[in-house]
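Undergrad: Mind looking at a prediction? Sequence and model below.
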Amino acid sequence: MAAQTDHGVPLSTLSPKFLHSNSTSHTWPFSAIAELIDNAYDPDVSAKQFWIDKTVVKGKECLSFMDNGNGLDHETMHKMLSFGYSDKIAMNGQEPIGIYGNGFKSGSMRLGKDAVVFSKSKRTSCVGMLSQTYLEMIGANQIIVPIVSFEERNTNKYILYLIQ
């Protein structure tokens, strides 16, 4: 059954199989890595440094990508993990590289079946997950993107957001 708005109009949904098929636009792993690096250097991110590391977690090789950019709040994290959303604009004469809202998804899913994103901006800390393994495990018939955010409201007081 299609998800519906409050007006009864069916919404478009994406099958979890799309995560894999979308990733095949990268025939070479290095083009997928380039997508992830490009995101760090868009003008709204302003990263000055970028690190790539390989580690082993529970017997599985994992790549980690880290930058020292501005970070994401919960709304921006949700857009980044959704498909086709991009509100990037030129800043200080620098044009953004990513403008179609697909690079992170295609790049990360080309390199692995799961991506966990940790981000900290000035007032918000977020964790988001894009996981083919999770979707297969729960038998999902559409893509579900869990996001947990903590937003600072006053000194030492945080609001917890659970977005799905």
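TA: Now that the structure is in, tell me what you want to look at. Numbers count the residues shown, from 1 in each chain.
Undergrad: Let me know the next secondary structure element after whichever helix in the chain runs longest.
TA: Ranked by number of residues, the top helix in the chain under DSSP state H is helix 29-40. Sequence-wise, the next helix or strand downstream of helix 29-40 (DSSP states H and E) is strand 50-57.
Undergrad: tilt between the following helix or strand past that next one and helix 29-40?
TA: Once the chain leaves strand 50-57, the next helix or strand it forms, by DSSP H and E, is strand 60-67. Angle, strand 60-67 to helix 29-40, by axes from the mean of the first three to the mean of the last three Cα atoms, to 10 degrees: 30 degrees.
Undergrad: Could you report the neighbour count for Val56?
TA: Counted with other Cβ atoms under 10 Å, residues neighbouring Val56 total 8. To be clear about C-beta, it is placed using only N, CA and C from the backbone, and glycine gets the same treatment.
Undergrad: How confident is the prediction for it, by pLDDT?
TA: For Val56, the pLDDT comes out at 93.
Undergrad: you'd agree it is up against Leu63?
TA: No - under the criterion of Cβ atoms under 8 Å, Val56 makes no contact with Leu63, lying 11.1 Å away.
Undergrad: Against Glu61, how distant is the residue nearest in space to the middle of the chain?
TA: The centroid of the chain falls nearest to Leu81 when counting by Cα atoms, centre = their mean (3.6 Å). With distances taken as Cβ to Cβ, to the nearest Å, Leu81 is found 23 Å from Glu61.
Undergrad: Mind listing the residues bridging to Asp114?
TA: Ser131 (DSSP bridges).
Undergrad: quick one: the helices in the protein?
TA: Using DSSP H, helices in the chain cover 17-23, 29-40, 74-81, 103-111, 132-138.
Undergrad: Redo the ones you listed as a markdown table? Include distance to Gly8.
TA: Listed next are those as a markdown table, based on distance: least, Cβ to Cβ, whole Å:
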| stretch | distance to Gly8 |
| --- | --- |
| helix 17-23 | 25 |
| helix 29-40 | 37 |
| helix 74-81 | 24 |
| helix 103-111 | 29 |
| helix 132-138 | 27 |
